[in-house]
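**Q** Fold the following, please.
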Amino acid sequence: MITAEGLVKRYGAKTAVNNISFTVQPGLVTGFLGPNGAGKSTTMRMIVGLDRPSAGRVNVNGRPYSAHSAPLREVGALLDAKAVHTGRSAYNHLLAMAATHGIGPSRVREVIELTGLQSVAGKRVGGFSLGMGQRLGIAAALLGDPATLILDEPINGLDPEGVLWVRQLVRTLAAEGRTVLLSSHLMSEMALTADHLIVLGRGEIIADAPVADIVSGATRASVRVKTPHASELAQLLATPDVAVLRSELGILEITGLAAPQIGELAARHGLVLHELTPQNASLEEAYMALTQDAVEYRTEALR
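**A** Numbering: from 1, shown residues only. Okay, the predicted model is just below:
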C-alpha cells in the first residue's frame, strides 16, 4: 500500500506538487494520470525517496521508502529505463542489483525469462532497443518479488505483443494482492488495464475514483439514431433536458435520454428507426474533460 499525506514539493518559487493526499490500495491496478508538468514524476520520485518532500509524507507498506532495510523486496520501481550501466550485459546488470539484497542468480534467471529477455541477456545494454530497455527495467522492478510496483510509462517503445504482456502482467500482480501504481499517456490502454485512477493537474488531485465513476461523471453518454424521419424525431425530442445534434443526413446524436425511451417515443409516433445505438463515453473523453483547465503546455490546432 502507498499512502501520501499532505505531500508538497517546491523547486524555488515553483510548486510542483501542492498538498496532495491519496492511498494506492493493494489488489488493484491504480492508474496515475495527468498532463505534462502535472507532478506525476515528482510524486513517484518522492515515493521511492529520490526527491525529498518540502512538506507532508509518503509511506510504502507502512513506512518511508528509506526506512526499509531491503527496499527491493518491498518496492519495485521503473522510473527511468535508461538508468543502467550501458557497458554491462542485462544479466550482469540484474545480478549486480540482486547482490545488494542477497538475491540469488536463480531469481535473476527467473525474471529474465518472465520478461522475455533470454535471447539478449548476455548482450550489452547499450545496444538495446527502447522496448528491450523497458523489459529490462520491468525485470529489475520485479527482482525482489516486491509487494508494491511503481511503473512509469512501462509500455513506452513496446510492440503490440509487449503491450499485451504488460497489461496481463500488471493485472496478474494486482490479482495476487500486490499494490500496482501505473503511469501512462495512452488512455486506451489505461482503460483496459486500470481499476482505479488518480488524476493530477497542476500539482493537485482533480480525480481519485474507480475508472467507471470517472468516465460517467466527467462525460454524458449519448445515443446514435439513424432514421428517415430525423426531423420529426428531433422535434419530438426538443425539451430543455435533451440535446439533439445532427451529425449527418438522417443521423442524430442524442444526449439526455436513454435508448429505450427514444425507441418507445419513436414507436408511439410510427417513426421507423434504422439504428438505435448507445454511445459509451471513453476514458480519453473523460480525461480531456477533467484536465482541460489543467494543461500547462497547450498546442495550437492546425489550420
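**Q** Give the rounded mean pLDDT of the longest helix belonging to the chain.
**A** Within the chain, and with DSSP state H defining each element, the longest helix by residue count is helix 160-175. Per-region confidence: helix 160-175 scores 95 on mean pLDDT.
**Q** And the strands in the stretch 1-150 of the chain, which stretches?
**A** 2-11, 14-24, 29-33, 55-60, 75-78, 148-152 (DSSP state E, counting those that start in this stretch).
**Q** Can you name the residues bridging to residue 179?
**A** Assessed by DSSP bridges, residue 179 has beta-bridge partners residue 148.
**Q** which parts of stretch 261-279 are buried?
**A** For stretch 261-279, the neighbour count (16 or more other CB atoms under 10 Å) marks 262, 266, 271, 273, 276 as buried. Placement of C-beta: from N, CA and C, glycine included.
**Q** Test my guess that the second one contacts residue 275.
**A** No: contact between residue 266 and residue 275 fails when scored by CB atoms under 8 Å: they sit 11.5 Å apart.
**Q** what's the nearest residue to residue 184 if we skip its chain neighbours?
**A** What sits nearest to residue 184 in space, not counting adjacent residues and going by CB to CB, 6 or more residues apart in numbering, is residue 190, at 5.3 Å.
**Q** tell me the SS of that neighbour?
**A** helix (DSSP: H, G, I helix; E, B strand; the rest coil).
**Q** Would you convert the strands of the stretch 1-150 of the chain into a markdown table that also reports mean pLDDT, distance to residue 246 and mean neighbour count?
**A** Formatted as a markdown table, those follow (pLDDT from 0 to 100; distance: least, CB to CB, whole Å; neighbours: other CB atoms under 10 Å):
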| stretch | mean pLDDT | distance to residue 246 | mean neighbour count |
| --- | --- | --- | --- |
| strand 2-11 | 97 | 47 | 17 |
| strand 14-24 | 97 | 43 | 18 |
| strand 29-33 | 97 | 33 | 25 |
| strand 55-60 | 97 | 51 | 18 |
| strand 75-78 | 96 | 48 | 24 |
| strand 148-152 | 96 | 44 | 24 |
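**Q** nearest to residue 240, of these?
**A** For those, the distance to residue 240 is smallest for strand 29-33, at 33.9 Å, taking CB to CB.
**Q** contacting residues around that closest one?
**A** For strand 29-33, the external contacting residues (CB atoms under 8 Å, 6 or more residues apart in numbering) are 24, 40, 43-44, 170-171, 174, 179-184, 187, 190, 193-200, 211, 287.
**Q** so of those residues, which ones are in helices?
**A** Reading helices off those with DSSP H, I get 40, 43-44, 170-171, 174, 187, 190, 193, 211, 287.
**Q** Closest to residue 17 out of these?
**A** Among the ones in helices among the contacts of strand 29-33, and counting by CB to CB, the member closest to residue 17 is residue 43, at 5.7 Å.
**Q** which ones are touching the residue nearest to that closest one when sequence neighbours are not counted?
**A** Using CB to CB, 6+ apart and skipping the chain neighbours, the partner closest in space to residue 43 is residue 17 (5.7 Å). Counting by CB under 8 Å, 6+ apart, residue 17 makes contact with 7-9, 39, 42-43, 46, 53, 203.
**Q** what pairs with residue 17 across the strands?
**A** residue 9.
**Q** cool, the one 5 residues further on as well?
**A** With DSSP bridges as the criterion, residue 22 is bridged to residue 4.
**Q** unless I'm mixing things up, it is touching residue 198, no?
**A** Yes: shown here, residue 22 and residue 198 form a contact pair, counting by CB under 8 Å, at 5.4 Å.
**Q** Output the below-cut-off pLDDT ranges for the stretch 151-300 of the chain.
**A** Of all residues in the stretch 151-300 of the chain, those with pLDDT under 70 make up the ranges 219, 294-300.
**Q** where do the strands sit along it?
**A** Under DSSP E, counting those that start in this stretch, the stretch 151-300 of the chain gives strands at 179-183, 196-201, 204-210, 222-226, 243-248, 251-255, 275-279.
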